[in-house]
Each structure stands twice: as structure tokens, then as C-alpha cells.
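[1] structure of the sequence below:
(6 chains)
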Number of protein chains: 6
Amino acid sequence: MQKQYDSLKLIKVENVGEFVYKVSLNRPSKFNALNMEIWKEIGDCFQWIDEDPDCRVVILQGEGKHFCSGLDLGGISLFNENDTNDSARKGRNILKTIKFMQKQFTYIDECSKPVILAMHGYCLGAALDIATACDVRVATKDAILSVKEVDIGMAADVGTLNRLPKIVGNHSWIKDICLTARHFSAGEALQFGIFLFLRVFDTREEMINEVTKMAKLIASKSPVGVQGTKNVLNYARENTIENSLNYVATWNMSQLFTDDLVKASMASFSKQPQPPFSKL
Amino acid sequence: MQKQYDSLKLIKVENVGEFVYKVSLNRPSKFNALNMEIWKEIGDCFQWIDEDPDCRVVILQGEGKHFCSGLDLGGISLFNENDTNDSARKGRNILKTIKFMQKQFTYIDECSKPVILAMHGYCLGAALDIATACDVRVATKDAILSVKEVDIGMAADVGTLNRLPKIVGNHSWIKDICLTARHFSAGEALQFGIFLFLRVFDTREEMINEVTKMAKLIASKSPVGVQGTKNVLNYARENTIENSLNYVATWNMSQLFTDDLVKASMASFSKQPQPPFSKL
Amino acid sequence: MQKQYDSLKLIKVENVGEFVYKVSLNRPSKFNALNMEIWKEIGDCFQWIDEDPDCRVVILQGEGKHFCSGLDLGGISLFNENDTNDSARKGRNILKTIKFMQKQFTYIDECSKPVILAMHGYCLGAALDIATACDVRVATKDAILSVKEVDIGMAADVGTLNRLPKIVGNHSWIKDICLTARHFSAGEALQFGIFLFLRVFDTREEMINEVTKMAKLIASKSPVGVQGTKNVLNYARENTIENSLNYVATWNMSQLFTDDLVKASMASFSKQPQPPFSKL
Amino acid sequence: MQKQYDSLKLIKVENVGEFVYKVSLNRPSKFNALNMEIWKEIGDCFQWIDEDPDCRVVILQGEGKHFCSGLDLGGISLFNENDTNDSARKGRNILKTIKFMQKQFTYIDECSKPVILAMHGYCLGAALDIATACDVRVATKDAILSVKEVDIGMAADVGTLNRLPKIVGNHSWIKDICLTARHFSAGEALQFGIFLFLRVFDTREEMINEVTKMAKLIASKSPVGVQGTKNVLNYARENTIENSLNYVATWNMSQLFTDDLVKASMASFSKQPQPPFSKL
Amino acid sequence: MQKQYDSLKLIKVENVGEFVYKVSLNRPSKFNALNMEIWKEIGDCFQWIDEDPDCRVVILQGEGKHFCSGLDLGGISLFNENDTNDSARKGRNILKTIKFMQKQFTYIDECSKPVILAMHGYCLGAALDIATACDVRVATKDAILSVKEVDIGMAADVGTLNRLPKIVGNHSWIKDICLTARHFSAGEALQFGIFLFLRVFDTREEMINEVTKMAKLIASKSPVGVQGTKNVLNYARENTIENSLNYVATWNMSQLFTDDLVKASMASFSKQPQPPFSKL
Amino acid sequence: MQKQYDSLKLIKVENVGEFVYKVSLNRPSKFNALNMEIWKEIGDCFQWIDEDPDCRVVILQGEGKHFCSGLDLGGISLFNENDTNDSARKGRNILKTIKFMQKQFTYIDECSKPVILAMHGYCLGAALDIATACDVRVATKDAILSVKEVDIGMAADVGTLNRLPKIVGNHSWIKDICLTARHFSAGEALQFGIFLFLRVFDTREEMINEVTKMAKLIASKSPVGVQGTKNVLNYARENTIENSLNYVATWNMSQLFTDDLVKASMASFSKQPQPPFSKL
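    Sure, this is the predicted structure:
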């Protein structure tokens, strides 16, 4: 593993299988609350992973009892109390801060490697902003989630409200959880057809085991195929079908010319495990 | 409550809790069938509510045995039998009528206050056009719904076909109900994962109780937070993630500068109920 | 039935009820694997059906044990081994091939008549590209599906990745099946709320019976209403709500002026079956 | 002419030819500066004209020495000095005011009848917001224009910045006039290729003569053809070519079925003047 | 030259230089008026050229005294006089006809090879629909153009209204010519800054000479570079800057890997003419 | 001036008036050809300026005889000759490089401060990519420009093809210069109505004098007004009019609450020069 990850103080990056990284929010004494430091480290970490050929898939989770209790209100001050600027200038300063914070989570969404999020314990506020930027979400049944921004008098502004309507197909439920700011458990979500999650597990151990299996499976596949698939799915989410059909065709003008195609096909037809692939 | 609501004849507006309005279609003898008068009153009512600081959340329902049996074909004549115009001019006249009818329901969608729809009995045709324009939908299990326009030889043109694909994540089911015009019960929808509804209740009484609780909960929250959240979620439904991230950041250039933020946060951290907020 | 359908060699078109066509992939010895011939025949067939007034609804299925095992790798060579062109020119050739293949399936999506897909047995790879282009999907519970392109080292490029995010409302699940290329049964999908399917049946016989009933029901309705509804729903999937409201109003400038409106309405109000309608 | 126009106090509506209305800003003592009253009257007037079959084309101009000197700062108070609301609530109030003001000018853009603007004298600030909402702009060579909002410390927010980049093809020039807020004459614009104007005239008299001829010419044409053309051009401005090709085809599903087609064609081929057409 | 072009009866295709085709409307006795036959031949011809490696650039012009006098009203009957269908069905038939006609001209726009249009004499109605679908337009100064559809009571529906607002930067002028249907000469357009044309020539001979030089110049360049450039410019016309930046980067993932890059660069730096390139 | 600018080696940043920066490409011995170092410095410089309250407007130009001769082919190697990867992986590496290069120029476009480009001498290839990312372009009449990428066998991929169709309103001319790669002088462009430029000057001295005046004028205005105006114009370029009207209204929810509004208005009405404004 490259040395750059050692410089992270509140994020832990581990190699937990061939080409599989586990990234952990690592501030358990604070329930992994997000201060500006950890926020920036998330962005740095996923920019590095994007370019790191030793990583093909990421498991994201939180150390300790909870995935993440949201914003660390002691550690982030959106407002400068002594700011004597007029409202327009204060607004411009806030704009810069919000855009910076949004961008760090967007690095997860734009990372070329798939990111599987395993949630447990509290997953509040900004934790959901992270969740919606990941590719796959699983949780333990007793995980407690909330889009709690309404409870502090604001509209969530770092991703939840923007991504939820694109990735979950029950807008009655989206409006409910976002407007009431109520706590809901992953178990409850299960009753509603698990719109948000892929699966809900009984225990954290089972969750981590299953997610690791899934990550290893993805990591064993051709990175040309896997990364192209994430890229095109994210593109399709935002564009018309015709436009995205054109995009994938343009993408494959180069991406079909890969040794992986032959290697993977032969393994697949002979029902063998996928072979080793060159780095990407 | 402001006096303007008294002028409505087929709509009843009641204050059923602090900042909570209950709006009822009130033409029970006709199963709340929609004639042009009630259609226009719906539009007027939600335009007023949009500007009414005494209302922070709306429960919408129907008086009598049914939420709404759809278009009152005695009360709406799309066509003027004596119209001797050529087809082009007839078409232009129809265009104006349809746009007017669409606009009245769009006032619900664009209303800055959340609208919770509680459906029971028949919810047919135009009733679904209303339903898709609301924020949250609940129903009794024996509520009977249909997108019945195909059964009268036309494509539904006041909202159902336009909004359903945005708010419900099973297009097989959407195509089924829209192309067959079949009746389905909310109970049946429940089997399909309640895509359309937040919850389905056994009785109307239970439904109204629960919905009122939910409405009061939302009404107790900061209106800056609640209205911003509805606004941004609706924007996100229609725009790319990047564009909507930019939008919420621009929105919050002013909306974070509110006394609600301090009041709400303090209550939230001290686990107290949300405090009173200034009007909005 | 028009004679043109007789020219198809790997596709069988049957009239299985008034205005109901059953279209079958008919290469059972190869599990209906898709070679270039059958690919082109699919496109031809749905272009003809689009214009064929004797057809109002289509059931699509596969003859033999499986719906479709995907690409026939013996029968399709994306690459010309002797191609000595530079990579840019090879890329341009691939682009033409992919666009041709995409277009054949898009004819299903753009066909003015609804298409109900009944899947059983293997439904792999390109079979899902077909599935996502249909209007309604049903399956037997033991149908085995996979988005298997990752297993041959590529991003699926003829429709699955482009249409799935528009028609299924659980993006965790979409990413899972597309990134792992794992087999899943329709029965499993049922557990996840049947996002992809309308219904999952115990047996193929039951499935065909029920689907035929559904097709006959749709075929008995006004074709002006049915085709307008499919058209508008597909438009709404891709455009903002405001834009699609305008579109349906413009569409209905002419489409409300149909004898079907009177005939269908009278039958509907008198609770009679829908009457015969003129061809379309 | 319908009576409703008589109720306007600061706008004058005259019939200056068959089906030709001249609409004049009529507050010459104030250089036609816009207060809230005249602002609202503009919106009312163009909504009425939209539905008025006696009008087929509009000439818009200003009475007195100047077309319009912009916002009447004595007559419009965006801010309530005694407003003790927090910044978020003040922002929401401003939002409502701006949207109202935008909407009044958008009624010009959305009016189904073409609007030709004839500018002379000062055309400052909000005058340009009006100008960009019209279909055709002409001016006298000594007309003085400016996008002057930057000079009062704000970004213009009622249309100029939104529409200029869509209707003028030299963005260097757009940025120049909007960022410097400098005065420029129509004569100067002429040197730059008259991007903004159709023509620039030596005198106001010549301008009005020529514009009236042009308006009469348009008014003599089939209103089905003319109004359809404005509608489709405005649609094309905002949508992809493919989407707008589909739109005009859908529009013409009804609009080609008009008696005007026969009447106009016969006149056109026999080189006769266009015949009288039915109202629209 | 391939034989297929010989089958065209009303279109003449000639090889007028290496890789340069001249395509001529060839029905001079009718002023190249467009009947359904020539309409379809235009579509066929440009589909073939798209795939024809012997053609790298096209000059499009008209034989005889005029480029094209528009629709041949004797040769095209949009309406079937004996059609007893209701208006909705008539509308659907018209829709198919219009879409077919649009598509034939869109083949010019989508053709991978640049198309230079040289106009002279009358260029009326449908001639402008063709013109807007070409890449570059030149004309003789006495060429007479008009968007004459308003004069036959309709909105132009095969391309002019859809493409003009995208390719010409003076919307006052666009609205003028489309709403008045007036004749204008290319010389007059010149006065307005030649928005529509690249150049306006004194004589047809000079025009053809200059256009042939220009075509030969383009034909001598790398077809990878030229066709990529047309492709990306057309994409940029329709998409946001960010989206189109992403598109060209994806396109160049394969298109930079061409022998043309080395060959062309070396010639360019040594100020030699461009060398021969492989076919495309 | 902040110290960070001193670290730039190939870019010179000077303060040439209050709040006016002059940024110069400073590699005159190489005609300011762009190697990777200067490319990155451009990005860094405009990111810093975006946040630098001492700068309100930028003049961008080139030191020495030419603005910029384009890509330094000695200094940029897009390809690694020893790269033994398959074509798919090579494609992905190129994608990263192109996106990095695009992003550096996009920082100019996204910089909150207006950028005026003054071009002289050679302005070739990548120089035009820079030019299209600026707000205002001026040139000396003998400036020689070309979109020369076609001459090296490629489609330009760092901005020209993406931005030109948005900022210049004569697509015949855009296609001409991009497809022929021909040299054209700013003087020639002048003949075509100066679509690309604001003005064309006889001498470089005159150009710099005039541009400096213009920059000082902009710098004297309220930065709230100026920066808001650039922001909204760029937004309007990419979005529908309705969407951008909503955007500017949302922007002004905070931006109208500025002391600049009062100060600027008072100066404007009393015909005084604009007063000093607080930093932004």
C-alpha cells in the first residue's frame, strides 16, 4: 500500500484482500463525528484511491460503536462570529465552505473504484450525505439513521437531498424522512422494501463478512469491466437514455480493446474463476 | 385563519393543530368529483397557503366515502359542441384548457409547505393526478385507485403520467396500471413494496390520526428548514446532481442566516422539543 | 397477419388473440443466444409492429427452456482479427457496430405498441438489455438473470446500464448486480420488492396465461389512449415535469379528437366492456 | 378592442391596423420609469393579448422622449426598512418579489402573438430586461442603452442576463456591456453587426413607419402559421434539436388541419395577398 | 465511386477531387423542387456517404438556375383526401410523415463527413431546412431565400425553426425572417454580418471555385481529425460545456491513437502539405 | 499582492491598477508555447485569483511577440512510448491527462473575477482553448489565429470545440475555422462582424491602453454586482431561461443585502464615480 495513506489521522486505510481496501472513519471516541479535518481526509483519500492501481474496490465503515454521528458541531464553525461583512459577503463565504464540503463527498461518487458502505449504530445527518455518494449501501438491522438537518433549522446541503431522489424509488418515503428528521432503523427500511439498502444484516460481524466477500468478488473481476460499469451507471443516472447510449458506445471505442476481454471470457466460458488482470 | 378560505365552496380548510391545515375536497354527494369550480378552488387554495404564514404543513383528504372519483363529466366539458372552428383552432382551445387544469395541480407541487395526502375509498383518474403532485401519500388498505384515462380513450394529461415515473421506482408497475387502467387497492400496492405510498393503514381513523401526528411533527420544526428541504428535493428530482448541489449551496447563502438555526440546534442537542419559530 | 413476418427465421410472430401478437425468440437449440441475424430480426420485427394496425400489444418471450442466454459468441465477432487499422479506426468501426446493436433494441422501446416481456430460464447478458427496453417485465420465480458483461471484461453497452437506473428504484441493487455479474433469480428479486418485475410466477404456464390476459385487456382498450400513454410515459422518463406536461398537452391537441373518446367513455360509464375501435 | 385595456393607467393600448396593437409605456413625465403599478400592468396586458383574437401582432414602444429609463427607484422598494426578520426570511421575501417581477416580463416572451420592440431615447436597466423578452428589437441610432445594474451594486435579475446569451451571438460583447454597465448607442451596436437589433433607424418616425409595415405584414398572415412559428422558435431556443424536431411534429399533428393552409397556399401560389383568416 | 450512387435519379453524385464529392439536386426543370422521391434520395445518399471511405467532404448544390424552390406541392401530398379517420388518427399519420421527412435531412447533420452548401437562385422553404442541416453555408449575393412556411399557413416542421436558433446569433433577425416569410437576398444578409453564411460571392462560378478549394483543403486533412471535429462541435451545440468536455475526452481515449497524428504533425511542423492518410 | 504569485515561473502576475491584475504568459523565447508546467501554473494562478480579494478583474496576455503558439510539443508528451498497456488502459491514462488539462483552463471560466484576453501575434491551437474560456476577447488586427488541431490529426480536446458554439453566433464560420485549421487574422474576423472579439485594434499599445481602461472601469464597480453578473451569465449560457431566472432570484436572496447597493446607487444617481467598496 502506498505511503500517502499513512498521513491520514482520522481515517484508517487497510488492505483486507487482494485489491480490496477497507476505509474506516477512525475517531471512535467522538462517534466518528465529522470535523473539517476528517472531512478533508475523506476527499484526499478517495482522490488517491481513484488513482491507486492496488485498489479495485472499497469497503467504507466506521470504527467503534457507530458509523458516524454527523457533523461535529464543536469542530466545524460555518460562521465566523466576528465577521462584520454585509450579508452578501457572508453569503459568498458560506458558498465557498459548502462547495468545499460537497466536493469532498463527491470524490467518493466520482472515484473510479466501487465503494460499498457498511453502516451500523448511528448514521446521522452528514453520515447520510456520505451514504448517498457510495455505490452500494448495506446496514445492520439496528442501525439508526436520520436526515436530521431540519432539526437544526436548515436544508441539508452536502448531498443527501440531491442524491436521494435519484437512487431511491419511493418519493413519499424520501419526503417523510427528510421533512420529519425522524430516526428510522435499517430494519424499518427493510419493511419498506429496502429501497436504500442492498441488504440489512442481523449483526455487524455478518455484515462485514458478507461485504468482504462481495468486495473480493468484485475485486477479482476485470477492472476495465468494473470501472467502466460504475462510470456508465453514474452517467446514465443523469442523462437521457439516448445520450447515455451514445456515451457508452464512445467509451467502448477504446475500452473493448483490452486483454481482459479474452482472459475474462475464456475463464467465464470454462467456468473457471476470473484470472489475474493487469493493473488499472 | 385568513378569511379568503371562507370564499371556497367546494373545498374546506380547517386548522387542526398549530400551523397545520386540513384541506378537504368537500363535495361528498358527488364523491368529490372534480368540476371546473373545485378544480380552480384547489389552485386558489394552494396559492394562498403558499403565502400564508399560519400554515406550515397541509393534510389533504376527501370528505365522505371517497377521496375523489375523478373528473365530473357532467361538470366539465372539454369540448364546445357548437365549435365550428377548424381542427387547428380547436386544438389551440384544448391546449389552453389543459394547461389551465395542469397549472391548478402544479400549485400543490410548487407550494412551499409540504402536503400529505390521505386517500380512502375511490381515488380514480384525476385523483391520481392530484396524488402525484403531493409530497407524501398514505392510504387506507381498501382504497381503490386507478389511472383510468385509457378507459375513456385518452392519455392522462394533467400530471399522473408526467410525475409517476419520477416518484415511483418500478416502471413495470407504472406501465401496468397506466396501460390497463385497472383498479388496484392500496393493499395490493403494499405487496409491491408500497412504492407509491409511505404507509397503508387498516382504517381511515388510524390513518387520519397518524397523519395528523406526522403533520404536527413537521409543523413543529423550523419552517426555514422544512420549506428549504421541500424546495431542494423537488429541484433535485429534475436536475443533475452537480446542478442541484450548486443550487442548494446558493439557496443556503441566505437560508443559513436564520435565528432558527441556533434555536433549533440548542433544542436538538439538549433533546428538548423544537422551540417556537418566527413566521414564514 | 402481414406476410413480412414470415421472412423472419429466428423470430416467430403469432397472433394469440385479437390485436395481440406473441413474439418469440426461436432458436431454442442455442438457448436463443443472439447472433447478428436474430439481432437484426428483432429490430425489423418491432419496426413492422410499430406500423402494423393489426397489433395493439406484444408479448415477448423465448421458445424452449430459456428466454435467452445472451450474446452468441460464436455468432458475433465484434472484432475483425485481420484488421490492420490503427486504434482510432478500429474504434470507429466498433462504434458503428455498437450503435447498430443498440438501435435494434431501441426499436422495442420506441415501438408505439406496449411490449410485455415474459422471462423464464436463463436471461443473461444481452437478454437484460432487451428486458430493460420493454414496458413491463414478468418472470417465473426460477428464472436466472445476470448482467454478465463484467465477467467478460467489459461494460454492457447495448442498454442495460443506460435504462436500469431509470426504471428501477434501488441503486444499491443496480450497482450490486451490474458490478458483481452474479446470477440472481427472479424469486430473489421478489424479496427485494420486485423492483424490476411486475410479478413473479410459480410456473411458466401460469405466467403465460396471466400475461395473455393482461395483453388482451390492453388490446381491448382504445389504441389512441394506450399508445398515447406509452408515448407520454417514455417522454416523462427523460424530461422535466414541466416540459413533459407541455408535451402531453401538445399531444392531446389532436389526440382528444377521436371517436374512441365517446365510445370508450360510454362503455366505461355503463360498465360495459370496451367496444371495438378503429385501427391505429 | 376589448374594454379591459381601458383599465390600464400607465400603459396605452391602441389598434393601429387590422389585428395590430401598439402598446405604449405611458408615463412620459417619468421617462416611463417602471414602478410596481406599470410593472403589473405590463404583465396583465400581455396576458390579455395572449387570449385576444383581435390582436395578431404587437408593437411595443414608449411615449415621450425615451422608451424607458429603468426602475423607478422612488416607486419600487424592494426592501422593507422596518423588516426585523432574520436574513433567511428577508431572503425569502425578496425571492417572492423578484419572481413576481420576472413573471410579468415573461408574459411577453410567452405571449402567443409576436412582439416587436421599437426603442428610442434612454433604454436603461429594466428596459433591457423587457427588450430581451420581445421577439424582434429595432431602435433609433441615437437610442442609448445600458445594462446598468452593476452600477447599483447588483446582478440584473429580471431577464437580461438570462436571455441575452441565448439571443445574441457575441459573448465578448455581452460580457462587456453587462460588466461595465456602460452606455452604448444603437448606432454603436450597428458597428458590431447589429446582434441585438434587427435594424437601426435614423429617426423615430422612420422606425415607427417601418415597424408598422412589418407588423401589418405579419398580421396579414395566417395566425396558425405565425403563432406556431413563434412557439416553436422559442421552444427550439431551450431544447436539443432532436427534442424540438419531435415537438414541432407533435404540434403539427393538429395544426396542419386548418383552413388557413388551403387559403394561404392558394394565395401564395397565385401571388395574391394573403386572404382573411378566422380568428385565433 | 461506389455503384449505389448510380441508382439515384434526382440526385447526382460526382467525384470532383480526391475524397471530394459534389452532390447536386438534379431536377432543374422543376427548380429542384422536392418531391418525396428526391427527399428520400437525399437521406439515402448521405447515409451512404457517411460510410463511404472514398468521401471525406461534400459540396452540396443545385443544378440549373436555382438551388431549390422548396416543396413540390404537386409531388407531395401530406394529406390523403379520402382519409375518413378521426382527427386523432389523421394526426398520427401526419406525425409519421413529418418524422420521416425530418429524418432524411437529419442524415446530413449526422453524416460524419462535413457538408458545405453552395446556394444560388431560389432557396425557398424546405431549401432552408436543408441549409440549416449543413455544416457550412455560402451563397451568391443574388441568391433569394425565404422561410416561406408561414405563407402557406403553417409552422415549418422539418428543421429550419429547430436549427436556426442554434446556429445564428441574432434572434431579432431569425424571428423577422421566420414570421414575415419575406424574401431576402444573401447580399442583404451580408449587411447583417453574414450570420447565416460563411461567405457571399459575386458569381456562382467564383463560389464553386472557392468552395471546391475549401473542400479539397479539408479533404487533404486527417479524416480522424476532421470527422472527430465535426462530431464534437455538433455535440457541443446541444450539451453543457462540462458534459461536452467529458465527451471529447472520452472520444479521444481511442481517437488519439492513430498514425495520422504522427504523419500530420510531422508535415505540419515541417510546413509540408498534409500526407496521404488511411481510409476512414 | 500575495506572495503565492512569486512562486510562478512561467506566468507573471502584476498589479496594474487598483484591483486590476495583469497576468502574462511569460515564456517569450518559446512564443509562450504551453508545456505542462505553464499549463499547471495557469490553473493555480486562476484558482488563487478566484479567492484573492485584492483582484477584481484580470487582463490576460502574452509577453513578447506572440500571445501563444499553442502546445509545446517538446514539453508535453501525451504518450508514454514505453507504455506496454493494452489500448483500454492507454485510453484511461489519456483520459486522466486530458481531464487535467481541461480543468486548468476551466479555472479561468469559473474564476469569479472577469478575465479580459488581449491577443497579439500568434494565437494558435491551445491558445484558442484559453481564449474561449475568457470572458472578453480583444485582439490586434494582425493577430494570427488558428484552431490547428486538425492539422495534427486530432479533434481539439481542451475547450475550443466545446465553448465556441456557445459564444459565437455564426456556425458556418465556426465549422470553417475548425475543419480547415486555416490561419485567420483578427482583421479578417472583423469583416465577419467580430463575432469572436469585442474589438480589434490597430496596435498592441492601443489595445493594452484600452483594455486597461476597461479593466479599471470594471474594477471600480461593486464586486458584488460584477461577480454576480459573471456568475449568472455563465449559468444562463448552459441552462434554460426558466431555470436561470430561478437561479438569479435564488442568488439575489442574499446578494441584494449588501452595503454596495446603497453606496453604488447613491453614486450612480448623483452621477459621481463609484465609491470604494469592501473587499470580496
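[2] can you list the residue ranges for strands in chain A?
    Under the criterion DSSP state E, chain A contains strands at A:11-17, A:20-25, A:57-62, A:115-119, A:122-124, A:136-140, A:144-146, A:184-185, A:199-201.
[3] now do stretch A:140-147: distance to the chain's middle.
    Distance, stretch centre to chain centre, for stretch A:140-147: 16 Å (C-alpha atoms, centre = their mean, to the nearest Å).
[4] buried sites along it?
    Using 16 or more other C-beta atoms under 10 Å in any protein chain shown as the test for burial, stretch A:140-147 gives A:140-141, A:143-147. Quick note: C-beta positions are derived from backbone N, CA and C, even for glycine.
[5] now do the contacts for the closest residue to chain B within the stretch 101-250 of chain A.
    Going by C-beta to the nearest C-beta, chain B is nearest to A:Gly169 of the stretch 101-250 of chain A, at 1.4 Å. By C-beta atoms under 8 Å, 6 or more residues apart in numbering or on different chains, A:Gly169 lies in contact with A:195, B:168-170, B:195, C:168-170, C:195.
[6] including pLDDT, could those go into a markdown table?
    Formatted as a markdown table, the contacts of A:Gly169 follow (pLDDT from 0 to 100):
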| residue | pLDDT |
| --- | --- |
| A:Phe195 | 86 |
| B:Val168 | 94 |
| B:Gly169 | 93 |
| B:Asn170 | 93 |
| B:Phe195 | 86 |
| C:Val168 | 94 |
| C:Gly169 | 93 |
| C:Asn170 | 93 |
| C:Phe195 | 86 |
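[7] and the residue nearest to A:Pro223 when sequence neighbours are not counted, how many neighbours?
    Leaving out its chain neighbours, the residue that sits closest to A:Pro223 by C-beta to C-beta, 6 or more residues apart in numbering or on different chains is A:Leu280, at 4.0 Å. Using other C-beta atoms under 10 Å in any protein chain shown, the number of residues around A:Leu280 comes to 20.
[8] surely A:Leu280 meets A:Asp52?
    No - counting by C-beta atoms under 8 Å, A:Leu280 stays clear of A:Asp52, with 10.4 Å between them.
[9] you'd agree A:Met119 is up against A:Lys141?
    No - here A:Met119 does not reach A:Lys141: they are 10.9 Å apart, not a contact under C-beta under 8 Å.
[10] what residues does the stretch 151-280 of chain A put near chain E?
    A:239, A:243, A:247, A:250-251, A:253-255, A:257 (C-beta under 8 Å from any C-beta of the partner chain).
[11] pLDDT score assigned to A:Val16?
    Among the per-residue scores, A:Val16 holds a pLDDT of 97.
[12] repeat for the one 5 residues further on
    We have a pLDDT of 98 for A:Tyr21.
[13] any figure for the gap between A:Gly91 and B:Gln4?
    To B:Gln4, A:Gly91 is 34 Å away according to C-beta to C-beta, to the nearest Å.
[14] out of those two, which sits in the more crowded spot?
    A side-by-side neighbour count of A:Gly91 and B:Gln4, using other C-beta under 10 Å, places A:Gly91 first with 26 against 13.
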